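# All I have is the shape, not the residue letters:
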């Protein structure tokens with residue numbers, strides 16, 4: 001690598017490993033009828049929240065495959081929770097590791113993929129007569145807490 005090369009993975013070899021934790025959250029806004037179908041377990045593709053949880057865990061573990069300059073962090077825990085609201089689903093993910101860099105990207109990736117999975121599983125209920133999604137939207141994906 002050239003010293004003036006602007007594209008590179010940050011060298012963390014001199015950083016001391018420590019307990020790392022990050023929590024991210026995001027929301028998918030849906031029609032109330034769609035949220036009811038998720039709650040009642042009547043979605044055609046199956047159990048939305050179970051599939052979204054598995055997708056979130058897989059996404060956290062594969063973050064460096066998706067985000068090019070991310071380090072391969074040996075995760076020790078990925079916890080995913082859901083809150084069914086009247087007009088959507090809130091996804092919360094906490095990721096832990098003992099390493100030399102943080103796990104914010106893993107938490108954000110996990111939340112984002114869980115939300116995309118929910119969208120994929122319920123999209124047939126969200127389409128209007130012209131095939132558009134007037135209500136469905138993913139919003140407010142953010143890190144709400146990080147600890148070093």
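Right, received. Where do you want to start? Fair warning: this is a prediction, and the values are worked out from it, not measured in the lab.

# from memory residue 85 sits against residue 35, does it?
Yes - between residue 85 and residue 35 there is a contact under CB atoms under 8 Å: 7.0 Å. No exception for glycine: its C-beta is placed from N, CA and C like everyone else's.

# Show me what the helix ranked longest in the chain is packed up against.
Scanning the chain for the longest helix, with DSSP state H as the assignment, gives helix 104-126. Contact here means 3 or more CB pairs under 8 Å, 6 or more residues apart in numbering; DSSP states H and E; on that basis helix 104-126 packs against strand 18-29, helix 32-40, helix 48-61, helix 63-66, strand 75-85, strand 88-99, strand 137-147.

# which stretch among the ones you listed comes nearest residue 126?
helix 32-40 (6.0 Å; CB to CB).

# Identify each buried residue in the closest one, please.
Buried residues in helix 32-40, counted by 16 or more other CB atoms under 10 Å: 34, 35, 37, 38.

# between it and strand 75-85, how many degrees?
Interaxial angle, helix 32-40 versus strand 75-85 (axes from the mean of the first three to the mean of the last three CA atoms, to 10 degrees): 130 degrees.

# Helix 104-126 and helix 32-40, what's the angle between them?
Orientation note: helix 32-40 sits at an angle of 110 degrees relative to helix 104-126 (the same axes, to 10 degrees).
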